[in-house]
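Q: have a look at this prediction, sequence included:
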Amino acid sequence: MSETIIKIEGMSCGHCKAAVEKALKSVPGVETAVVDLEKKQAAVTGSASLAALREAVEEAGYEVIA
């Protein structure tokens, strides 16, 4: 199980944090997803591909920048 850090733009509040975490946790293979609003990033563990994680974040309405 590996950890992936995803930089995300557009998050500004608790609702944003919850929406991104929910989107990431819905991806098959994700074990945990924790969003840090101050760092504008999410730490995801599991076996999901970066492409699948990026797609989930973008479908939730946020922009992946790295």
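A: Cool, got the structure.

Q: low-confidence ranges, this structure, go.
A: Counting by pLDDT under 70, the ranges of the chain that qualify are 1, 66.

Q: need the longest helix for it.
A: Counting by DSSP state H, the longest helix found in the chain is helix 14-25.

Q: for that helix, which positions count as buried?
A: Cys16, Lys17, Ala19, Val20, Glu21, Ala23, Leu24 (16 or more other Cβ atoms under 10 Å). No exception for glycine: its C-beta is placed from N, CA and C like everyone else's.

Q: show me what that helix is packed against.
A: Under the contact criterion of 3 or more Cβ pairs under 8 Å, 6 or more residues apart in numbering; DSSP states H and E, helix 14-25 touches strand 30-36, strand 41-46, helix 50-59.

Q: between the buried residues of helix 14-25, which sits nearest Ala56?
A: Nearest to Ala56 out of the buried residues of helix 14-25 is Ala23 (Cβ to Cβ; 4.4 Å).

Q: excluding sequence neighbours, find me the nearest residue to that closest one.
A: Spatial nearest neighbour of Ala23, chain neighbours left out: Ala60 (3.9 Å); criterion: Cβ to Cβ, 6 or more residues apart in numbering.
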